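> Structure, please.
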Amino acid sequence: MPEPHNVFISWSGPRAERVAEALKQWLPLVVPLASPWISKEDIDKGVPWSDELTAALATMKAGIICVTPENQSKAWLIFEAGALYKPPDRNTRVWTYLLFGLTSGNVKGPLSKFQDTKAEDKEDTRKLIHSINRNLGAAEEEPRINKRFDTFWPELKQQLDATAAESTATPKPPTNDEMIKEIFELTRAAAQRQTTPQLTLTANELIEERSLIYRNLLAAYMKIQSLEHEKRTLAAGGAPPPAATAPTTD
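Residues are numbered from 1 along each chain as shown. Just a heads-up that it's a prediction; the model follows:
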């Protein structure tokens, strides 16, 4: 029977996906006890996988959030980070892995609350690896981890450099239906976490999470209304209106 997954790697967008896949293959080479889990489908495409997510969260001891300049405000990335941060096992640790020039000062909103690691910084990544090893039970002595890390770091660095060079063209804005699907999946996953015995929230956490869902729903509604208004204005030959300000979810 395979060992349960214990390291959750979160991503959103093509470049973060490349890094997540690279980490999934690379991490066990350096920390043998690590068994990474990543999603195979991006929630932005409307693919429902909240059942799989809820089951995976029950066994996680560590979480790595792959953050890029283009994905740090993605709702699903923030939801996964929050879900990892609130399991019954308070020893679970979550780190943001800052990619492609991101620094602590560049990260805004909920993700700024997590301890970060600069991906391109070899020694900072080494510290992250040692933290993960300790959190998984420190099955490997630090000198062995260091030796493996130095051996396999060039492989990961090559992947990071190649991915950094990929296009960061702005993706096509989501349609109204896609936005509604994303909100539905977020709400469904949150509801499952609230009713799953292994992932029961405290009363305060439940209130906080429901409040976040409501704010996200309101923000999505306002965005949809703004887009519809802009379409009508442009169709009438007028100038597009200024963007509406959505309520904060920080």
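> Mind listing the strands the host helix or strand of I9 pairs with, and their directions?
In this assignment (DSSP states H and E), I9 forms part of strand 7-10. If you go by DSSP bridges, strand 7-10 pairs up with strand 36-37 (parallel), strand 62-67 (parallel).
> I'd like the average pLDDT over the longest one.
Strand 62-67 shows an average pLDDT of 93 in the prediction.
> Give me the contact list for it.
6-11, 16, 19-20, 23, 34, 77, 80-81, 84-85, 92-99, 102, 107, 111, 114, 116, 128, 132, 135-136 (CB atoms under 8 Å, 6 or more residues apart in numbering). All C-beta spots, glycine's among them, are computed from the backbone N, C-alpha and C.
> So which of those belong to helices?
Of these, the ones assigned to helices by DSSP state H are 16, 19-20, 23, 77, 80-81, 84-85, 128, 132, 135.
> From those, which one has the minimum pLDDT?
Y85 (72).
> That one and R93 touch, don't they?
No: contact criterion CB atoms under 8 Å: Y85 and R93 do not qualify, at 9.3 Å.
> Looking at these two, which is more packed in?
Legend: neighbour count by other CB atoms under 10 Å for Y85 and R93, higher for R93 (20 against 16).
> surely the more buried one meets N135?
Yes: here R93 reaches N135: they are 5.0 Å apart, a contact under CB under 8 Å.
> if I look at these two, which residues touch both of them?
What both R93 and N135 touch, as defined by CB under 8 Å, 6+ apart, is the set 61-62.
> what's near enough to touch R15?
Taking CB under 8 Å, 6+ apart, one finds 68, 70, 99-100, 163-164, 166, 168 in contact with R15.
> which secondary element of the protein has the worst mean pLDDT?
Lowest on mean pLDDT, DSSP states H and E among the helices and strands of the chain sits helix 176-195, with a mean of 57.
> Tell me how many other residues crowd R148.
16.
> Can you report how many residues lie near the nearest residue to it once chain neighbours are set aside?
In space, and not counting its chain neighbours, R148 is closest to V30: 4.5 Å by CB to CB, 6 or more residues apart in numbering. Residues within reach of V30, counting by other CB under 10 Å, total 25.
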